[in-house]
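Student: below: sequence and its predicted model.
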Amino acid sequence: MKYYFDGELAQFFGHQISLIYPEFPRNSFIKGVNNLVKELELKERVAVISKELHKALGLPYVDAIGILKQMLGPENKTEQGMFANGYFLMPIAHYVEVYGLNDFDVSMDALYEITKRHTSEYAIRPYLLHYEQEMLEKLRIWAIDENAHVRRLVSEGTRPRLPWAKRIDVLSDDPYMNLSLLEPLITDHSKYVQKSVGNHLNDLSKTYKEETIEWIKKMHKLHGKNINWTVKHGLRSLIKVNDQDALAFMHRVGE
């Protein structure tokens with residue numbers, strides 16, 4: 001997939017941006033990307049395109065992201081992730097991640113729109129570190145959003161062990177803060193969201209086993225077998241190593 005992020009994608013970006021911002025130096029942008037990506041892996045290629053966009057646009061962040069948002073395209077109506085839909089938007093999400101930290105509200109609006117088409121699970125993580133309280137308020141609103149991709153972002157973006165991302169500790173150094181964000185999502189009707197919640201619980205169980213199992217028991221008392229699939233997915237690492245507490249719980253609930 002890394003070869004998708006090369007001069008051909010730069011040509012696409014150059015064409016699309018020029019339709020919105022005719023002053024965009026598309027040729028030098030394409031040349032810059034072509035010259036820099038050849039020996040790089042996927043994540044580094046995405047970062048190069050993001051950096052070259054920043055250099056070529058040469059605009060204040062608010063103006064630049066305003067242009068980039070106009071090329072996002074239609075929302076992803078499927079329950080498929082970033083490797084099936086919208087992956088050309090990875091450099092734009094990275095742009096917000098790197099260049100938008102000083103413009104919280106503008107960046108949150110951008111990430112909200114990006115995640116409905118691709119994902120913002122990586123781009124959101126620096127904001128969790130820099131604006132924890134503001135992010136908690138935003139995430140609690142997004143957790144009840146009508147869009148499944150936005151709801152999934154609440155779980156996926158805050159995962160302590162998100163693949164491909166730098167590990168982060170739980171919010172406010174308290175696993176129950178993460179679990180509180182998962183509470184409205186534990187009964188989500190979307191399998192896409194359920195899987196993310198299970199993955200998040202699995203992450204937490206590796207460091208905060210007792211707290212995770214205690215919370216799962218509490219949720220099961222409230223919601224019963226409706227959440228069995230999600231919690232089994234969340235306890236899978238403990239089950240794999242024959243953890244007796246996890247096995248006893250799953251046996252009790254009939255799984």
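Tutor: Cool, got the structure.

Student: just the residues contacting whichever strand or helix holds Lys51, thanks.
Tutor: In the assignment (DSSP states H and E), Lys51 maps to helix 42-57. Contacts to helix 42-57, defined as Cβ atoms under 8 Å, 6 or more residues apart in numbering, come from residues 1-2, 5-6, 9-10, 13, 17, 21, 24-26, 28-29, 32-33, 36-37, 40, 64, 67-68, 90-92, 94-95, 98-99, 164. All C-beta atoms are positioned from the backbone trio N, CA, C, and that covers glycine.

Student: residues contacting the residue nearest the centre of the chain?
Tutor: Nearest to the geometric centre of the chain sits Glu121, at 1.2 Å (Cα atoms, centre = their mean). Counting by Cβ under 8 Å, 6+ apart, Glu121 touches Thr115, Leu153, Glu156, Gly157, Arg159, Leu162, Ala165.

Student: Trp164 too?
Tutor: Lys43, Tyr122.

Student: check the secondary structure at it for me.
Tutor: Assigned by DSSP: H, G, I helix; E, B strand; the rest coil, the conformation of Trp164 is coil.

Student: show me which residues of the helix holding Lys51 are buried.
Tutor: Buried residues in helix 42-57, defined by neighbour count with 16 or more other Cβ atoms under 10 Å: Leu42, Arg45, Val46, Ala47, Val48, Ile49, Ser50, Lys51, Glu52, Leu53, Ala56, Leu57.

Student: likewise for stretch 243-255?
Tutor: Residues of stretch 243-255 classed as buried by neighbour count (16+ other Cβ under 10 Å): Asp243, Ala246, Phe249, Met250, Val253.

Student: show me where the stretch 151-255 of the chain has helices.
Tutor: 175-182, 191-205, 209-223, 228-234, 236-240, 244-252 (DSSP state H, counting those that start in this stretch).

Student: reformat those as a markdown table; add mean pLDDT and distance to Asp109.
Tutor: What follows is these, written out as a markdown table (pLDDT from 0 to 100; distance: least, Cβ to Cβ, whole Å):
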| stretch | mean pLDDT | distance to Asp109 |
| --- | --- | --- |
| helix 175-182 | 98 | 20 |
| helix 191-205 | 97 | 22 |
| helix 209-223 | 97 | 32 |
| helix 228-234 | 97 | 30 |
| helix 236-240 | 97 | 36 |
| helix 244-252 | 95 | 40 |
